[in-house]
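K.L.:
3D model of this:
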Amino acid sequence: MADQITEASLKDALRAKLQAEAVEVTDVSGGCGQAFTAVIVSPQFSGLNRLKRHRLVNTALKDEIANIHAWSAKCHTPDEWAKTEAAGKTQDAAVTGA
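P.N.:
Residues are numbered from 1 along each chain as shown. Sure thing, here's the model as predicted:
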C-alpha cells in the first residue's frame, strides 16, 4: 500500500470491511500517521470474545496495519455500545456513526 495511512482511510476501511455502525480513529503519533487508536462498533463482533474481535479487525486491516507502527482498538457490538453509552461509561464520546 503506497498511500499514507490516515484517520479517514482507516475509518473508510473499517466501515467497508466490518460494516461498522460507528467508528472513531485517532492519530496518536502527533500527526505523522504511524500510531492510531480506534473505537469500532460492529454487529460482526457479536458472539466473539475480545481476542477474536481483535483478530477480525487485524485481518480486515492487514495491509494498513503493515504500514504503521502502532495500532490499538476497542471493539464493541451495537448492544454493548448502547449499554456503555446509557451507563455514561464511555470515554469515547467522539465516536461517530458510519
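K.L.:
Give me the residue ranges of this structure where confidence is low.
P.N.:
The chain contains residues with pLDDT under 70 at 1-2, 89-98.
K.L.:
And the helices in it?
P.N.:
Under the criterion DSSP state H, helices of the chain are mapped to 7-18, 50-60, 62-65, 78-86.
K.L.:
other SSEs contacting the second one?
P.N.:
I take that to be helix 50-60. helix 7-18, strand 70-76 (3 or more CB pairs under 8 Å, 6 or more residues apart in numbering; DSSP states H and E). Placement of C-beta: from N, CA and C, glycine included.
K.L.:
Out of those, the one nearest Gly47 is which?
P.N.:
Gly47 lies closest to strand 70-76 among the helices and strands packed on helix 50-60, at 12.5 Å (CB to CB).
K.L.:
just how off-centre is that closest one within its chain?
P.N.:
Strand 70-76 sits 5 Å away from the centroid of its parent chain (CA atoms, centre = their mean, to the nearest Å).
K.L.:
Which among the helices and strands packed on helix 50-60 is found nearest to Thr59?
P.N.:
When those are compared by CB to CB, helix 7-18 sits nearest Thr59, at 8.9 Å.
K.L.:
Give me the distance between that closest one and the centre of its chain.
P.N.:
A distance of 8 Å separates the centroid of the chain from that of helix 7-18, by CA atoms, centre = their mean.
K.L.:
who touches it?
P.N.:
Under the contact criterion CB atoms under 8 Å, 6 or more residues apart in numbering, helix 7-18 has outside partners 3, 20, 23-27, 36, 38, 40, 42, 44, 56-57, 60-61, 64, 98.
K.L.:
can we see that at 10 Å?
P.N.:
1, 3, 5-6, 20-27, 33, 36, 38, 40-45, 53, 56-57, 59-61, 63-65, 68, 71, 73, 75, 96-98 (CB atoms under 10 Å, 6 or more residues apart in numbering).
K.L.:
Figure out which of the helices and strands packed on helix 50-60 is closest to Ala86.
P.N.:
Of all the helices and strands packed on helix 50-60, it is strand 70-76 that lies closest to Ala86, at 12.8 Å by CB to CB.
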